[in-house]
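[1] sharing a model that was predicted from the sequence below.
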Amino acid sequence: MTSCVNAVGVEVNTASEQLLTYVSGLGPQLAKTIVAHRDDHGPFLSRGELMMVPRLGPKAFEQAAGFLRIRNGKNPLDASAVHPESYSIVEEMAKDLDCSVVDLIRDAELRQRIDISKYVTERAGIPTLNDILAELAKPGRDPRQQFEPFAFAEDVNTIEDLRPGMRLPGIITNVTAFGAFVDIGVHQDGLVHISELADRFVRNPREVVKVHQHVTVTVLDVDLNRKRISLSMRKVPEQSRKKTDKKPRQEKNANEKSRRETNRPKPFNNPFAQVLKK
């Protein structure tokens with residue numbers, strides 16, 4: 001949990017006491033003190049005001065400040081992951097470009113003109129400066145993947161609503177050696193057999209699917225009595241291909257008979273044999 005909180009950052013003016021305990025440099029007691037100070041004196045307007053919190057010393061501030069965000073504060077960098085000890089570097093960059101820090105955050109063209117080698121110090125090397133520029137490009141960014149909205153088919157609510165050939169959205173709930181189970185919103189998971197997971201040979205289902213993955217499936221078969229649902233993730237399901245490839249038995253037999261008649265050797269026409277018959 002600590003690594004997740006530090007990666008995303010915490011809005012110090014809205015974070016709960018419990019959430020603050022996971023910030024590096026803080027603990028239960030400091031988290032409680034920060035919340036109490038916030039309640040008594042109002043929201044923090046800058047990261048520097050955190051130094052006014054009782055028992056939050058320089059060491060704790062140094063460890064925690066980069067993970068504590070203050071949106072709409074006095075300094076636009078307070079909403080970013082740039083540590084206060086690096087503010088002077090960003091301000092120097094802005095001064096050299098004759099612009100403000102806000103301009104530097106908003107204008108990608110300005111940032112491209114920065115020669116980071118000019119700002120290397122004993123405490124800030126090239127990797128640190130690259131991190132600073134990356135943060136300026138997306139201040140306060142959330143490194144988590146963008147949420148992907150999902151909804152089941154509106155007109156399919158029970159297993160009785162299913163029909164072979166339907167294309168439906170689903171979520172994988174379990175992956176086994178023989179395939180994957182998919183929730184399609186009918187209170188009964190369907191099975192995608194390993195042979196129906198992809199339009200290629202699959203040796204291990206976990207190579208192509210994972211739990212909680214959003215997928216689109218085709219209904220192959222529905223057994224209401226046993227409450228079993230067969231699904232496919234192929235673009236053209238294997239069972240559908242087999243049905244398409246099958247020809248009616250009578251047509252197949254007629255074609256076979258015609259082929260045999262065509263290939264049957266013709267009798268040799270011997271004129272002497274005709275004479276002898278007479």
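    Arrived safely. Not measured: the values here are computed from a predicted model.
[2] all the strands of this structure, residue numbers only.
    For the chain, strands defined by DSSP state E occupy the ranges 10-11, 68-69, 167-176, 179-183, 190-193, 214-223, 228-232.
[3] residue ranges in the stretch 1-150 of the chain under the pLDDT threshold?
    1-8, 139-149 (pLDDT under 70).
[4] burial of residue 166, as a residue count?
    Counted with other Cβ atoms under 10 Å, the neighbours of residue 166 add up to 17. From N, CA and C alone the C-beta is placed, and that goes for glycine too.
[5] what sits against it?
    By Cβ atoms under 8 Å, 6 or more residues apart in numbering, the contact set of residue 166 is 153, 156, 218, 219.
[6] quick one: it and residue 105, what's the gap?
    According to Cβ to Cβ, to the nearest Å, residue 166 stands 49 Å off from residue 105.
[7] about what we covered before: now pLDDT, distance to residue 98 and neighbour count too, for the contacts of residue 166, in a markdown table please.
    Listed next are the contacts of residue 166 as a markdown table, based on pLDDT from 0 to 100; distance: Cβ to Cβ, whole Å; neighbours: other Cβ atoms under 10 Å:
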| residue | pLDDT | distance to residue 98 | neighbour count |
| --- | --- | --- | --- |
| 153 | 89 | 57 | 16 |
| 156 | 91 | 61 | 18 |
| 218 | 96 | 61 | 21 |
| 219 | 96 | 64 | 20 |
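[8] any idea which of those residues is closest to residue 16?
    Nearest to residue 16 among these: residue 153, at 37.7 Å, using Cβ to Cβ.
[9] quick one, what contacts the closest residue to that closest one other than its chain neighbours?
    The shortest distance from residue 153 to any non-neighbouring residue, by Cβ to Cβ, 6 or more residues apart in numbering, is to residue 168 (5.1 Å). Residues counted as contacts of residue 168 (Cβ under 8 Å, 6+ apart) are 152, 153, 156, 184, 185, 216, 217, 218, 219.
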